[in-house]
Structures are given as C-alpha cells and as structure tokens.
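Undergrad: Let's see this in three dimensions:
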Amino acid sequence: MKKRTILSLLLAVMLVASALSACAIAAPEPVELRLGSWRPDDTVQMNNLLAEYKKVAPHVTIVYQPINPPDYNATLRAQLESGTGPDLMYARSYATGVELFNAGHNADCSDIPGLKENFTATSLAPWQAPDGTIFAVPFAAVSHAVYYNKDIFAKEGLEVPQTWDEFIAVCEALKSKGYTPLANGVADEWDILECFFLGMLPSFVGGAESRVQYESGERKLNDEAFVDVFSAFAQVTPYLPQGFEAVTYNDSQALFGAEMAVMFADGSWTISVYDDVPFEWGVFPLPGRKAEDTKITFHPDMAITMNAATKHPEEAKAFLEWACTQEGAVIASKALPTGLFPMINFPLTLEDPHANEFLALNIGRETDARFLWPALIELYTPMNPIVINALKGTVTPQEAADSVEALRH
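TA: Numbers count the residues shown, from 1 in each chain. Just a heads-up that it's a prediction; the model follows:
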C-alpha cells in the first residue's frame, strides 16, 4: 500500500508540475505599444483609459505619446515613412486619414469584430476609403458653439440669441455697457476659421446636402449664400478684443475665463478649462439668419487605427476590438476628456453637465461635419488668411468668397 501511495503522490506532483509548466509556457510575453496622438492636453485622461485597458490585457502596456497638434500630420508621416511610427495612432477624418491609408500606413480595420455592428454608417464614413475599406475605429466627435457668461447675461437682462441679428444686437448691447463681447482673436489663424467661421457656415449655406453640392461644384463657393456668410462674419469685428490681431487662442480662453470677455466661439474640447471659474456659463449655437436655419457643426474628430507595420498586430488589433465594445465605450466616456463625445451606437450618460448641454444643442437641429473636411480640406490653409482679411475689412465679402472659389482652380 505504501508503494502505491508514494506512486500516487509522485504522479500527482508530476501532474501539478506539468500543469504549472504548461501555464508558464502559455503566459503571454509582456508587450509595449505606443499610441500616437495630436492631443497633449489629454495625457492624464488617456493614461487613465489605458490603465483600465491594462486590467483587460495585463500583459499589454500602451504608452500615450502625443505630438504638438500643428505638427502631428507631418511628424507622424515622417515617423511612419522611416519605420519608427507608433503601433496605434489617432487618425484624422476624411481626406487626411485616407492619404495615410492609401500610402499603406493605416491598417485595414474592416474585419474587427463589432466595428460595423456598433457604429452607424455615418460614424464610419469619415474613416472609409472610396473602395469601402474602413481604416480606423471611430473614437470621438466634438461640437462647436458659443460659450457665454450666464451671470453677465442675467445682470444685463440679455436673452440667448436665436437669430444672427439678435446675436449682433447682444454684442452691441454688451459693448455699449463697457464689456468686450467676444474673446476670439486671429493670431493663431486656425481657430478663427475652424471654431468660428466653420462653426457658423452650415447655418448660412446649408447642411450636409448643400455641402455635397459645393463639393461637386454644382454650387459655387462665391454664390449668394457664401457671400452672405462672409457679410455676417465681418459684422463681428467691432466686438472682438482690442488688438485682436495679436490675440492667440490661449489668450482667448483666458479672456473668457477671467470675465474679460463675455462670449467665446469655440469647441467642446475647451469645457474642462472652465471647471473652476467663479461664474455660471453655458453654450448656445452660432445662429443663422432665421432660428430654423441654425445647424450644429458636430465633427467626427478622431479615430484610432493601427500601424500596418506594427510588430505587435495581435495586441494592437485586440485594443481596437475592445474599443468597439460597449464596455470599452463606457470606460472611454468616463476617461475621455470632457467635450469629446464617444461615437459608438450605445446610449451613454455623460457626467459633466456642460458636456450634456453641448449635446442638447443637437436636439431638433441638423448636424454636419466641418464644411471643409470631407472633400475640400485642401482649402483649409489658404482660407485662413482670407477669413482673417474679411474680419480686418481689407477685402469685401464678395472678394473673400471669390478668393475661396478661386482656390479650386
């Protein structure tokens, strides 16, 4: 009996040792992935999100490596072409993202489980090549509106404007009482075009259906509606900060936060900048000529893709698959910077009241991407000085629109 007992014990020990050995062999090797981005301001939030993912895949560490926003496109392309690109990376929507996909850098993501099931066709379209290939997982959209100081509005008996004329009247009323109505400047160029002009554009020229007509050339970029938006835009000049030509984007944020300006046309990504200001604030849309014309620029801003040349395709793809799940979306909604809205097709409750206020602007209104992004992005850089000159009054609205139309040729 003793021999049998000893043999049984030895056999049991061998089985346990064998099982432990098998487990040790099967344990995945630690992997580090790099995630490229154009949003340095989101480092804390993204690190929180990536820490949550590490609970799902303990052997994977994802390092967030943001690049200065204006340098992102050129720097990322240089990295990818030299073989030093990140494993995962933010993908810009529409043409810019398609360019990197066509160059072989953004991987084909079409077969990632959950991608086509959990995102609408509209959400996928900004990261879809002409042949239907989807090259990124939609991650976040942003909205455009006017931030306003509710306390000052209440003190001065002002109502939120519903039409463009009412908006200008509010600006005039504030100026007459000694306030600087608008915080926006033009020193950084991009924000006056992107946040203000493109934010108001669909309310004057029309939404997605009209945009497609402009893209095809059926409608000209110097037609009556386009001249009208430049006319309206030029009306805001007297209400900008003194010396607005030298006011940077950061200056504009500070002017509103310090109550040195009452309103600020900007994007939802700025919400958290005003978490601790000592006044109540809210947002309203940049209005059209008529209230029913008002539309919202709600832009599909970023997606995440994987480098086609990554040395860790399985781990990179697994992260993207997680981003396509409801679990991943819920975590993203909590970890994403305030004002960046998840695009997944599941109902999500946002914790920040101002984020919910931004989203509420969409109710009952047509939304569209920034006018230039889907097909006219090559006009972005040369339009900056045209828009600024329209504000300065060095060109007429007709001349500004004619210049934009001329950029096509």
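Undergrad: OK, contacts around Ile192?
TA: 184-186, 384, 387-388, 391 (CB atoms under 8 Å, 6 or more residues apart in numbering). For the C-beta atoms, the positions are set from N, CA and C on the backbone; glycine is no exception.
Undergrad: Taking the centroid of this protein, which residue is nearest it?
TA: Asp301 (3.1 Å; CA atoms, centre = their mean).
Undergrad: Excluding covalently adjacent residues, which one is nearest to that residue?
TA: Val142 (4.6 Å; CB to CB, 6 or more residues apart in numbering).
Undergrad: on that earlier part again, report the separation between the residue nearest to the centre of the chain and Asn222.
TA: From Asp301 over to Asn222 the distance is 29 Å, taken as CB to CB, to the nearest Å.
Undergrad: Once you drop chain neighbours, what's closest to Trp190?
TA: Residue nearest to Trp190 in three dimensions, not counting chain neighbours: Asn384, with 6.7 Å by CB to CB, 6+ apart.
Undergrad: Ala232 should be in a helix, yeah?
TA: Yes - under DSSP: H, G, I helix; E, B strand; the rest coil, Ala232 falls within a helix.
Undergrad: and it, how many neighbours does it have?
TA: Residues lying near Ala232 (other CB atoms under 10 Å) number 21.
Undergrad: correct me, but it touches Phe197?
TA: No - contact criterion CB atoms under 8 Å: Ala232 and Phe197 do not qualify, at 10.0 Å.
Undergrad: And the contacts of stretch 93-112?
TA: For stretch 93-112, contacts defined as CB under 8 Å, 6+ apart pick out 73, 76-77, 80, 85, 91, 115-116, 126-127, 129-130, 132-137, 299-303, 305-310, 313, 317, 320-321, 324, 369, 373-375, 377-378.
Undergrad: Can you check what pLDDT the model gives the residue nearest to Asp301?
TA: We have a pLDDT of 94 for Val142.
Undergrad: For it, give me its contacts.
TA: 267-269, 298-299, 301, 339-341.
Undergrad: May I ask which two of these are separated the most?
TA: Longest distance between any two of those is 12.7 Å, between Trp269 and Phe298; criterion CB to CB.
Undergrad: Compare these two (neighbour count), which wins?
TA: Using other CB under 10 Å, the more surrounded residue of Trp269 and Phe298 is Phe298, with 24 against 19.
Undergrad: if I look at the more buried one, how far off is Ala316?
TA: Phe298 sits at a distance of 29 Å from Ala316 (criterion: CB to CB).
Undergrad: Would you mark the buried spots in stretch 80-93?
TA: 80, 85-93 (16 or more other CB atoms under 10 Å).
Undergrad: Ok, stretch 98-115 next?
TA: For stretch 98-115, the neighbour count (16+ other CB under 10 Å) marks 98, 100-101, 105-107, 109, 112, 114-115 as buried.
Undergrad: Same question for stretch 28-41.
TA: Buried residues in stretch 28-41, counted by 16+ other CB under 10 Å: 31, 33-39.
Undergrad: ok, and what's touching it?
TA: With CB under 8 Å, 6+ apart, stretch 28-41 has contacts from 46, 50, 59-69, 72, 76, 79, 85-90, 302, 304, 310, 312, 315-316, 319, 337.
Undergrad: same thing but at 6 Å, please
TA: 59-67, 69, 72, 76, 86-90, 312, 315-316 (CB atoms under 6 Å, 6 or more residues apart in numbering).
Undergrad: Give me the buried subset of these.
TA: Here, 16+ other CB under 10 Å leaves 60-62, 64, 66-67, 72, 76, 86-90, 312, 315-316 buried among those.
Undergrad: Between its first and last residues, what's the separation in stretch 258-266?
TA: End-to-end span of stretch 258-266 (CA to CA, to the nearest Å): 16 Å.
Undergrad: If you could redo that for stretch 249-263, that was the one I meant.
TA: Start-to-end span of stretch 249-263 (CA to CA) is 14 Å.
Undergrad: Ok, stretch 390-406 next?
TA: Across stretch 390-406, first to last residue, CA to CA, it's 16 Å.
Undergrad: Buried ones in it, by neighbour count?
TA: 390-391, 395, 397, 399-405.
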